[in-house]
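>>> What shape does this take:
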Amino acid sequence: MLRLSLLIEETKATQQTGDLKMQAVFTYSGIALLPVLLVIRVLKTAENSIGYSINNTARQVLWLPTTAEMKYKAKPAIETFFVRLGDGLAAATVVFVVELRLLTTSSALLLNIGLTVLWLLIAGVVIREHQRLAGRASG
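Residues are numbered from 1 along each chain as shown. Presented below is the predicted three-dimensional model:
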């Protein structure tokens, strides 16, 4: 817990969200360049470990500078509808790639890298907005 509070204080946990996206870009690029099962296993294990330990905390920290009204109205919508929508889109991608074989393995990895870069850009917008709200709340 102490380590977590230091992480939040020193790096402003919103930056961790961008770091997670960069980790995903690195992981899928590594898999695309060297599609060996051992490499895939090591990279995905590292990505999932980092994601689990930091991602949940970073998502909760994003809500700190918001008003109570924003939390009560937007948070349930985001945590239900949008998270499930993302899960559904991920499942649809897997169906298209695996079941329907619409993409080769290399193409699927390139698609995943592209989606991760898009995710990174969206995270940048969220981080800037969070910093704006945090500045307004403290000042």
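>>> Every contact and neighbour count from this point should use C-alpha atoms.
Noted.
>>> quick one: the helices in this structure?
Remark: helices assigned in the chain by DSSP state H are 2-11, 14-33, 37-61, 68-77, 83-94, 105-138.
>>> Deepest-packed of the ones you listed, please.
helix 14-33 (a mean of 19; mean count of other CA atoms under 10 Å).
>>> Any chance of CSV for the helices of the chain, columns mean pLDDT?
Formatted as CSV, those follow (pLDDT from 0 to 100):
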stretch, mean pLDDT
helix 2-11, 49
helix 14-33, 68
helix 37-61, 78
helix 68-77, 85
helix 83-94, 86
helix 105-138, 81
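>>> ok, the residue lying closest to residue 64 once chain neighbours are set aside to residue 89 distance?
Nearest residue to residue 64, sequence neighbours excluded (CA to CA, 6 or more residues apart in numbering): residue 134, at 8.0 Å. Separation of residue 134 from residue 89 (CA to CA, to the nearest Å): 31 Å.
>>> Excluding sequence neighbours, find me the nearest residue to residue 31.
residue 40 (5.8 Å).
>>> The one you found and residue 32 touch, don't they?
No: between residue 40 and residue 32 there is no contact under CA atoms under 8 Å: 9.4 Å.
>>> Quick check: end-to-end length of stretch 75-91?
Length of stretch 75-91, first residue to last, CA to CA: 23 Å.
>>> ugh, typo on my part, it should be stretch 62-71
Across stretch 62-71, first to last residue, CA to CA, it's 10 Å.
>>> How far away from the center of its chain is that stretch?
Remark: stretch 62-71 is offset 20 Å from the chain centroid, using CA atoms, centre = their mean, to the nearest Å.
>>> quick one on the thing from earlier: what residues are up against the residue nearest to residue 64?
Residue 134 sits next to 64, 65, 66 when contact means CA atoms under 8 Å, 6 or more residues apart in numbering.
>>> among these, who's most crowded?
Of all the contacts of residue 134, the highest neighbour tally under other CA atoms under 10 Å goes to residue 65, namely 18 neighbours.
>>> and residue 12, what pLDDT?
What the model reports as pLDDT for residue 12 is 53.
>>> from here on, count from 51
Sure, I'll start counting at 51 from here, so that last one is residue 62.
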